[in-house]
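>>> here are the coordinates; sequence isn't available:
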């Protein structure tokens, strides 16, 4: 007997549906694969662009670093020009130029401390003399005390003073005179100074203390201390003659 017409159709639709399902699955996988490929391609482009951007930024940073190093080197050279032997060619090597005056600090540990007289001899050997701090400006703002604070702030010397060009008159107790012949009118003595301990302290020294108005002390002239020299700025060639 022959199959009814609808049963034949049903038999044909079964394989056809299976085929359509397979085709749908294949198409789905293919579309998903293409989508993943497009995403991967897009991601690769983004990564490549990001890598290029980072490389450009790194190059710029490197160039900025080089420029900064160059600027720092120039600034260091400019600073050294002010505080080293360059000093516009007006001071000897190792001397500091400030307000047309050259200052020398015998602060190195390689230099032995000396008496007031020997310290002055050292200054005179350069055509200079022990420093005269006859004004508040020279004492703190523009004087060697300011240079000391600037250059040697990391060096703590509580027990080490520096001889200055101030001495007590031998025949006049309590009368102090600068080496340039002027009498002391304004002093910056520490509390209780000058006390002329045992009548033997006739020379003045400056110490590193907290209060700049209280930095001087009288001491025996034979006592060994560091010292500060000063001289008017001149051409370096003239100084070396």
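Thanks, I have the structure now. All values derive from a computational prediction rather than experimental measurement.

>>> Only C-alpha atoms from now on, for both contacts and neighbour counts.
Will do.

>>> looking at the protein, which helix or strand does the model trust least?
helix 144-151 (a mean of 49; mean pLDDT, DSSP states H and E).

>>> Next secondary structure element downstream of it?
Counting by DSSP states H and E, the next helix or strand C-terminal to helix 144-151 is strand 162-168.

>>> now what about that next one, what contacts it?
Strand 162-168 has contacts (Cα atoms under 8 Å, 6 or more residues apart in numbering) with 116, 119, 129-133, 174-179, 202-207, 225-229.

>>> From residue 199, how far out is the closest residue to residue 177 other than its chain neighbours?
Nearest residue to residue 177, sequence neighbours excluded (Cα to Cα, 6 or more residues apart in numbering): residue 183, at 4.3 Å. For residue 183, the distance to residue 199 (Cα to Cα, to the nearest Å) stands at 20 Å.

>>> Following the chain past the helix or strand hosting residue 45, name the next helix or strand.
Assigned by DSSP H and E, residue 45 belongs to helix 5-83. Proceeding N to C from helix 5-83, the next assigned helix or strand is strand 96-98, under DSSP H and E.

>>> Okay, now the sheet partners of that following strand, with direction.
Strand partners for strand 96-98, identified by DSSP bridges, are recorded as strand 101-105 (antiparallel).

>>> More neighbours: residue 183 and residue 199, which one.
Between residue 183 and residue 199, residue 183 has the larger neighbour count (other Cα atoms under 10 Å), namely 16 against 9.

>>> quick revisit: now the helix holding residue 45, how far from the centre of its chain.
Relative to its chain's centre, helix 5-83 lies at 46 Å (Cα atoms, centre = their mean, to the nearest Å).

>>> what helices or strands is that helix leaning on?
On a contact count with 3 or more Cα pairs under 8 Å, 6 or more residues apart in numbering; DSSP states H and E, helix 5-83 meets strand 96-98.

>>> mean confidence for the strand it packs on?
Computed over strand 96-98, the mean pLDDT rounds to 81.
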